[in-house]
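1. I need the structure of the sequence given here:
(2 chains)
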Amino acid sequence: SQQGEEDPQALSIQEGENATMNCSYKTSINNLQWYRQNSGRGLVHLILIRSNEREKHSGRLRVTLDTSKKSSSLLITASRAADTASYFCATDEGGSYIPTFGRGTSLIVHP
Amino acid sequence: DAGVIQSPRHEVTEMGQEVTLRCKPISGHDYLFWYRQTMMRGLELLIYFNNNVPIDDSGMPEDRFSAKMPNASFSTLKIQPSEPRDSAVYFCASSPGPPAPQYFGAGTRLSVL
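-> I've put the predicted structure just below:
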């Protein structure tokens, strides 16, 4: 099944820096979601962006969507050590209304 | 609500044994999903239910895997017989329905020796 692909696979930054992760997909989507997974835990929903939206904010999170490039980005501003986690995008592309998860980006924020 | 509850959190078993994983979804959620997560294959959707009815089980890897949802508050994923390659973390998630978010349980870490 089709799924979003996150980039980079791994990201290591210092506390206070911004972290940017990208998600690309192949066909059209209705919705794109970002989730976070802390080590040893289940995934936690962060934000949903619809295909007719270009940008959404939630606290220190900023998500953009460019349907012409079939890509989305997740920006975490002023990162903290507690942001260390894996981040996944989930897309409902291919006509399915059930989202499919990508492989994720592993983010490490050094204190 | 306590969230999605999975049990057990950890399961260690020997090859050939039957394994049963359990899930209690969030009350009022109509959709229930079972996932498997490994380093090699990432997060794979195994099966999902809508109103207790299995809708898509195309992700179930083999006939050794089966899932049931006898009522709105309980689901099981059974592996019989288990094999070492089934070792993974299995997640259950529930949702009011797409595109609403999915709420994940803490997972069951399965080790088949």
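
2. residue numbers of chain B in contact with chain A?
-> B:4, B:42-43, B:45, B:48, B:56, B:91, B:93, B:98-99, B:101-107 (C-beta under 8 Å from any C-beta of the partner chain). Where you see a C-beta, it was placed from the backbone N, CA and C, and this is true even at glycine.

3. if we go to 10 Å?
-> Applying C-beta under 10 Å from any C-beta of the partner chain, we find that chain B lies next to chain A at B:3-4, B:6, B:9, B:31, B:33, B:35, B:37, B:39, B:41-45, B:48, B:50, B:55-56, B:58-59, B:89, B:91-93, B:95, B:97-107, B:109.

4. okay, now A:T105: neighbour count?
-> Residues within reach of A:T105, counting by other C-beta atoms under 10 Å in any protein chain shown, total 22.

5. so who does it touch?
-> Contact analysis of A:T105 by C-beta atoms under 10 Å, 6 or more residues apart in numbering or on different chains lists A:6-11, A:19-23, A:74, A:85-89.

6. chain B next: which of these are close?
-> The subset of those within reach of chain B, by C-beta under 10 Å from any C-beta, is A:86, A:88.

7. narrow the contacts of A:T105 to those that are buried.
-> By neighbour count, with 16 or more other C-beta atoms under 10 Å in any protein chain shown, these hold A:6-7, A:11, A:19-23, A:74, A:85-89 as buried.

8. tell me the one of the residues you listed nearest B:R64?
-> Among those, A:F88 lies closest to B:R64 (C-beta to C-beta), at 27.3 Å.

9. wait, that closest one touches A:Y35, no?
-> Yes. Assessed by C-beta atoms under 10 Å, A:F88 is found in contact with A:Y35 at 4.7 Å.

10. beta partners for the closest residue to chain A within chain B?
-> Taking C-beta to the nearest C-beta, chain A has its nearest neighbour within chain B at B:F104, 3.1 Å off. Counting by DSSP bridges, B:F104 forms beta bridges with B:A93.

11. isn't B:E14 right up against B:S87?
-> No. Using C-beta under 10 Å, B:E14 is not in contact with B:S87; the gap is 11.8 Å.

12. dump the residue contacts of residue 43.
-> Since no chain was named, I'll use chain A. With contact set as C-beta under 10 Å, 6+ apart, A:L43 has these partners: A:33, A:35-37, A:85-88, A:90, A:101, A:104, B:35, B:37, B:43, B:91, B:93, B:101-105, B:107.

13. please refer instead to chain B.
-> A:3, A:35, A:37, A:43, A:86, A:88, A:90, A:100-104, B:35-37, B:89, B:91, B:104.
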